[in-house]
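Enquirer: need the 3D shape of this:
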Amino acid sequence: MDTRFFVIWMEEITAAVRAGRDHLTRLDAAIGDADHGTNLDRGFAAVAEALAARPPDTPGGVLVLAGSTLIRKVGGASGPLYGTAFRDMGKALGDAADVSAAELASALEAGLAGVRRLGGAEEGDKTMVDALAPAARAMARTVDAGGDPEEAFAAAAAAAEEGAKATVPLVARKGRASYLGARSAGHEDPGAASTALIVGALRAVATRRSPRSESRP
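Expert: Numbering: from 1, shown residues only. The predicted model follows:
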């Protein structure tokens, strides 16, 4: 996967967040500040502008620029958390001009570690970690089993979606939602939902660019 692949991933995320903005905001209205969708939409629009203005030379450079932009442009906890995830992923990829699915799986684990370090959340706390952690595990497991990128990203996206849905009955232990205590149960965590969108965008890009998709009628 080359630099162009990662630029297209960012473009796909931007479109997915724009389409899901109101849904994410409704989720956040139930247990947060009702600005998650709006903030992410603004942030990824800024990422698209930054990539167009200063096209990076490497996949890692794309992710570092995206992360730095999100930290600057997105308010609340989302900017620092997503920004850290993408920057740590980019740093893990280094200066390679082309990366494998295994290398991206390792980078995703580095991004997860950064989110955990910054936010102090673990699975079960009703945060984005509940989607990101199973996605990272599923990607690594599929790659280790010999799966190709399309299979690995599909497994990661499915795991992220399942993890996001699994936050509905949880009581939040971190973030703004934790102030609600038991009242936070019964609502999907907006951060987990947006994480599922981001991983789903990776699946969409890989599916469109795979040799198998090109051979389909």
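Enquirer: now the lengthiest helix in the chain: buried residues?
Expert: Criterion DSSP state H: the longest helix present in the chain is helix 3-31. Using 16 or more other CB atoms under 10 Å as the test for burial, helix 3-31 gives 3, 5-14, 16-17, 20-21, 23-25, 27-28, 30-31. For the C-beta atoms, the positions are set from N, CA and C on the backbone; glycine is no exception.
Enquirer: same question for stretch 73-92.
Expert: So stretch 73-92, judged by 16+ other CB under 10 Å, has buried residues 73-74, 76-92.
Enquirer: and it, how far out from the chain's middle?
Expert: 10 Å (CA atoms, centre = their mean, to the nearest Å).
Enquirer: for stretch 162-173, buried residues please.
Expert: Buried, per 16+ other CB under 10 Å, within stretch 162-173: 163-167, 170-173.
Enquirer: again with stretch 56-64
Expert: 56, 58-64.
Enquirer: kindly report the same for stretch 148-158.
Expert: In terms of neighbour count (16+ other CB under 10 Å), stretch 148-158 has its buried residues at 149-158.
Enquirer: closest one to residue 207 out of these, please.
Expert: residue 150 (5.8 Å; CB to CB).
Enquirer: would you agree the closest one is in contact with residue 207?
Expert: Yes: at 5.8 Å, residue 150 and residue 207 qualify as touching, with contact defined as CB atoms under 8 Å.
Enquirer: re earlier: so what touches the very next helix or strand once past the longest helix of the chain?
Expert: Next helix or strand after helix 3-31 toward the C-terminus (DSSP states H and E): helix 36-53. Here helix 36-53 makes contact (CB atoms under 8 Å, 6 or more residues apart in numbering) with 7, 10-11, 13-14, 17-18, 20-28, 62, 65-66, 69-70, 72-76, 78-79, 82, 190-191, 194.
Enquirer: and stretch 171-191, by the same measure?
Expert: 24-25, 27-28, 30-33, 36-37, 77-78, 81, 119-121, 124-128, 130-131, 164-165, 167-170.
Enquirer: can I get stretch 111-129 in PDB, CA atoms only?
Expert: Extracted C-alpha coordinates of stretch 111-129, given in PDB (Å, rounded to 0.1, in the frame of the first residue of the first chain):
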ATOM      1  CA  GLY A 111      -2.200   3.800  17.600                       C
ATOM      2  CA  LEU A 112      -4.300   1.900  20.000                       C
ATOM      3  CA  ALA A 113      -1.500   2.100  22.600                       C
ATOM      4  CA  GLY A 114      -1.300   5.800  22.100                       C
ATOM      5  CA  VAL A 115      -5.100   6.200  22.700                       C
ATOM      6  CA  ARG A 116      -4.900   4.100  25.900                       C
ATOM      7  CA  ARG A 117      -1.900   6.000  27.100                       C
ATOM      8  CA  LEU A 118      -3.600   9.400  26.600                       C
ATOM      9  CA  GLY A 119      -7.100   8.500  27.700                       C
ATOM     10  CA  GLY A 120      -6.400   5.800  30.200                       C
ATOM     11  CA  ALA A 121      -9.300   3.700  28.900                       C
ATOM     12  CA  GLU A 122      -9.600   0.000  28.500                       C
ATOM     13  CA  GLU A 123     -12.200  -2.200  26.800                       C
ATOM     14  CA  GLY A 124     -15.400  -2.100  28.700                       C
ATOM     15  CA  ASP A 125     -15.100   1.600  29.600                       C
ATOM     16  CA  LYS A 126     -17.500   2.600  26.800                       C
ATOM     17  CA  THR A 127     -15.100   4.600  24.700                       C
ATOM     18  CA  MET A 128     -13.500   4.400  21.200                       C
ATOM     19  CA  VAL A 129     -11.200   1.700  22.600                       C
END
